[in-house]
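Asks: I need the structure of the sequence given here:
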Amino acid sequence: MLKLRPVIRYDGFYVCKMMYRRSCLSETSMNHPVHEVVSYKYLKFTPEGQCISIYTNSTPKKFLPKIKHQIQLFLEKKQNQAEGNP
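Replies: Numbering: from 1, shown residues only. So this is what the prediction gives:
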């Protein structure tokens, strides 16, 4: 059933980890250092059809506790504005 009709969850975040390697030049040595760059994209879907997308280099362990409360306040404020309450 889930394969036929996928369901989007509204009670959390979707996290996409993106990683790539970038070679750099060094003027003082013969070797070429390689930097591994890691970034994360967070998606939060709402039942009203909105999607909040955040792109950062913070790991989920550090980032999610900080942002959960702020997003909840943002969504409540948007809901109050839609209902006509200040």
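
Asks: buried stuff in stretch 62-72?
Replies: Going by neighbour count (16 or more other CB atoms under 10 Å), the buried part of stretch 62-72 is F63, L64, I67, I71. In this view, the C-beta of every residue, glycine as well, is placed from N, C-alpha and C.

Asks: so which of the residues you listed belong to helices?
Replies: Among these, the ones falling in helices (DSSP state H) are F63, L64, I67, I71.

Asks: quick check, nearest of those residues to S39?
Replies: When these are compared for distance to S39, the smallest value, 11.3 Å, is given by F63; criterion: CB to CB.

Asks: and the gap between the nearest residue to that closest one once chain neighbours are set aside and T46?
Replies: Ranked by CB to CB, 6 or more residues apart in numbering and with sequence neighbours excluded, the top spatial neighbour of F63 is T56, at 6.3 Å. As defined by CB to CB, to the nearest Å, T56 lies at a distance of 20 Å from T46.

Asks: for the chain, give me the ranges with low pLDDT.
Replies: For the chain, applying pLDDT under 70 flags the ranges 1-2, 29, 85-86.

Asks: need the helices for the protein, in chain order.
Replies: Counting by DSSP H, the helices of the chain are 60-83.
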